[in-house]
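J.: kindly generate the corresponding structure for this input.
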Amino acid sequence: METLEIFVENIKCGGCINGIKNALLAFPGVKSVEIILDEEKVIIHGDHLDKSVFVTKMDGMGYPEKGNNTFLKEAKSYVSCAIGKVTA
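T.: Numbering: from 1, shown residues only. Alright, predicted model coming up:
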C-alpha cells in the first residue's frame, strides 16, 4: 500500500473535508483519505496512486496545491464546501 501527502489551500471546515474525502474515495485504488485541517494536509492511502490525478481533482474543486491559489479557486472552494456539508 502507498501513501501520498498533499498540502492544499482553502480547507476551512468539515464540509470541505467531507467533499474532498468523497471525491478522492471514488478513485480506483484509494483505500482511505485523512485530512488534517490545521495543516491543510490530505493523506491518501491506497494502491497505484498517481499524485497528479488527485492534485488535478482537488484543484478543480477549489483546493489547489500550496502556492497555486487564486481568487477563482478560493471561490470554487466555497461551493465545494457547501456541497460537502449537504452530503455529510
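J.: and the residue nearest the centre of the protein?
T.: Ranked by distance to the mean C-alpha position of the chain (CA atoms, centre = their mean), the top residue is residue 20 at 3.9 Å.
J.: just the pLDDT for that residue.
T.: The score at residue 20 is 97. That number is its pLDDT.
J.: and the helix or strand it falls within, what does it pack against?
T.: Following DSSP states H and E, the helix or strand that holds residue 20 is helix 14-25. Applying 3 or more CB pairs under 8 Å, 6 or more residues apart in numbering; DSSP states H and E, one finds that helix 14-25 makes contact with strand 30-36, strand 41-46, helix 51-61, helix 71-86. Where C-beta positions appear, they are placed from N, C-alpha and C, glycine not excepted.
J.: please put the alpha-carbon coordinates of the longest one into CSV.
T.: Provided in CSV are the C-alpha atoms of helix 71-86 (Å, rounded to 0.1, in the frame of the first residue of the first chain):
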residue,chain,number,x,y,z
PHE,A,71,-9.3,34.2,-6.2
LEU,A,72,-11.4,31.9,-8.6
LYS,A,73,-10.1,28.7,-6.8
GLU,A,74,-10.9,30.2,-3.5
ALA,A,75,-14.5,30.9,-4.7
LYS,A,76,-14.8,27.4,-6.0
SER,A,77,-13.8,26.0,-2.6
TYR,A,78,-16.9,27.7,-1.0
VAL,A,79,-19.1,25.9,-3.5
SER,A,80,-17.4,22.5,-2.9
CYS,A,81,-17.6,23.2,0.9
ALA,A,82,-21.4,23.7,0.7
ILE,A,83,-21.8,20.5,-1.3
GLY,A,84,-19.7,18.7,1.3
LYS,A,85,-22.0,20.0,4.1
VAL,A,86,-25.1,18.8,2.2
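J.: buried stuff in that helix?
T.: 73, 76-77, 80-81, 83-84 (16 or more other CB atoms under 10 Å).
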